[in-house]
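quick one, fold the following:
(chains A, B and C)
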Amino acid sequence: MKQEISLFLFRRDLRVLDNPGLLAACQRGPVLPLCILDEKTPGPYKMGETSRWWLHHSLEKLAHDLDGALNLYVGDPLSILTELLSRYNVRHIFWNRCYEPWRIEQDTTLKTILKEKGITVESFQASLLWEPWQIKTKEDTPYRVFTPYYKKGCLQAPPPRSPLPAPKAPHYIKDEKSIPLTSLQLRAKNGWDHKLEAHWLIGEKAAHEKMHLFLNNDVAHYKEGRDFPALGHTSRLSPHLSFGEISPHQIWHALAGVSGLEEASPSIASFASELGWREFSYYLLFHFPDLPHTNFQSKFDAFPWRADTEALQQWQQGQTGYPMVDAGMRELWQTGTMHNRVRMVVASFLVKNLRLDWRLGAAWFWDCLADADLASNSASWQWVAGCGADAAPYFRIFNPVTQGQKFDPDGAYIRRFVPEIAALPDPYLFAPWTAPIPVQRAAGVILGQTYPHPMVDLAKSRDEALKAFQLLKELPMGLENELR
DNA sequence: TGAAATGTTGGGGCG
DNA sequence: ACGCCCCAACATTTC
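Just a heads-up that it's a prediction; the model follows:
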């Protein structure tokens, strides 16, 4: 009889520390750790290019941390598992839970089929502090507003468990049929992704180092500093969290460790509540699985979005003529991330000033963001568009000029990403067309040639958006409460 | 996790 | 001294 082993499936938990599924597997004995790349993921959920790039490097680090014993496969998970079951004596399979609707469906099917084969499947809570089904209102319905969800739901519930240690003296098995990382072909064929490399250190170790740098140097300034993209007081942990290189439990408990610094505690609470927003997004996605493609408030179904591929492209390429918007879109393209404040500005611009469907913006972010995450991306776009749960009111329209003046007062962020207008003096940097022609010329700026004219009139497009919204209000009400 | 329009207040210049 | 105007600087309302 062959030696009995367990399988552990890595998915969005590419770490060794605080990995409950991996720990449980290792406690049973020898473990064959594996990761399956399924290229047949349903269309809209197919991993974006930047995520694939990140995954490549993350798997490389993980393989190293497992002493090379990470097994990689491409294909349908069931066929690959079945093939492994035919070659090894497997009784137990472990994984950590994912919450995307297509994942839940796939995992449920897998579990049923594997159980029929006599295999025990165990899944664990590893990427959320609170399971979505554990948090409910008094009426036993899901919360629809963040603050009561977080304060009454999460913070009154049993606190998140402490982080778990790495498996002790694990016995990992390397399968001879595992394929090399390069065979996953996660990297872009034309090599455009090389430019991302300068901006990130990927993997579990890097994630923890980044967290400690943030906790030591920045978190105390988080509450006031988080809105200023040039200051760098945000954690930039989101892609690490998204791939599970670090767990929310590890961050949550590390935060509790530093909150002894009295002056820092409002900032700690403010950062912790951002983890809360992440939880809320997953919570919404779990309870409202249509969130990625359907307006949470169904009255928005009648909203008159414009169709304008040219405008969409100008936005995507950071050529709108509004420096704060263009800086954000170029940061995204160059680095695979965008500062949170600027995400709101560019999203508001797309949805309100250009009146293009939020799903188009979500799709672009999905492709370009290293932290692309179905729950956060869907919930946040709906939030900005005004059609989401606890959304910004539709009439909250950001003005990219004043947002620049307020949150990038010395223009450092704009000058970094929109260098062709860097020589414009401050008062004009946020609205180049307002500069007198001699000032433009002295700065080497020729609108329409070196930098675009503003692609829309802010006041006019704002009014049109408000009018379009007004139309919705005149429709028969009440449908928005009959979702699902 | 807005912005713009509108309203209110209070100080200074001036007849 | 006083009222009047102007207009910042806030505050409130509306979208």
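
which residues touch the closest residue to A:Ser270 other than its chain neighbours?
Of all residues not flanking A:Ser270 in the chain, A:Lys223 sits nearest, at 4.4 Å (Cβ to Cβ, 6 or more residues apart in numbering). Just so you know, the C-beta spots here come from the backbone N, C-alpha and C atoms, and that holds for glycine as well. The contact partners of A:Lys223, by Cβ atoms under 8 Å, 6 or more residues apart in numbering, come to A:266-267, A:270.

filter these down to the buried ones.
With neighbours counted by 16 or more other Cβ atoms under 10 Å, those contain buried members at A:Ser267.

quick check, the residue nearest to A:Ser270 in a strand?
No. Using DSSP: H, G, I helix; E, B strand; the rest coil, the assignment for A:Lys223 is helix, not a strand.

from A:Met211, how far off is it?
To A:Met211, A:Lys223 is 18 Å away according to Cβ to Cβ, to the nearest Å.

other SSEs contacting the biggest helix by length in chain A?
Identified as the longest helix of chain A according to DSSP state H is helix A:265-287. Here helix A:265-287 touches helix A:146-147, helix A:222-225, helix A:248-258, helix A:374-385, going by 3 or more Cβ pairs under 8 Å, 6 or more residues apart in numbering; DSSP states H and E.

still on that earlier bit, quick one: the residue nearest to A:Ser270 and A:Arg97, what's the gap?
Relative to A:Arg97, and taking Cβ to Cβ, A:Lys223 is found at 32 Å.

could you do A:Leu55 as well?
For A:Leu55 relative to A:Arg97 (Cβ to Cβ), the value is 19 Å.

quick revisit: okay, the residue nearest to A:Ser270: pLDDT?
On pLDDT, A:Lys223 comes in at 91.

so what's A:Val74 bridging to?
Beta-bridge partners for A:Val74, by DSSP bridges, are A:Leu37.

what's next to stretch A:309-319, contact-wise?
Under Cβ under 8 Å, 6+ apart, the answer for stretch A:309-319 is A:320, A:325-330, A:333, A:346, A:349-350, A:354, A:356, A:360-361, A:364, A:417-418, A:452, A:455.

what does the model give A:Glu245 for pLDDT?
Confidence score, pLDDT, at A:Glu245: 98.

my bad, should have said A:Pro42
For A:Pro42, the model assigns a pLDDT of 82.

what number of residues lie near it?
A:Pro42: 11 surrounding residues under other Cβ atoms under 10 Å.

pick the most deeply packed of the helices and strands packed on helix A:265-287.
helix A:374-385 (a mean of 25; mean count of other Cβ atoms under 10 Å).

correct me, but A:Asp408 touches A:Met324?
Yes. Counting by Cβ atoms under 8 Å, A:Asp408 touches A:Met324, with 6.8 Å between them.

who touches both of those two?
In contact with both A:Asp408 and A:Met324: A:414, A:430, using Cβ under 8 Å, 6+ apart.

neighbour count for the two, which is higher?
A:Met324 (33 against 26).

that one - that's part of a helix, no?
Yes. Applying three-state DSSP, one finds A:Met324 inside a helix.

from A:Gln440, how far off is it?
From A:Met324 to A:Gln440 the distance is 18 Å (Cβ to Cβ).
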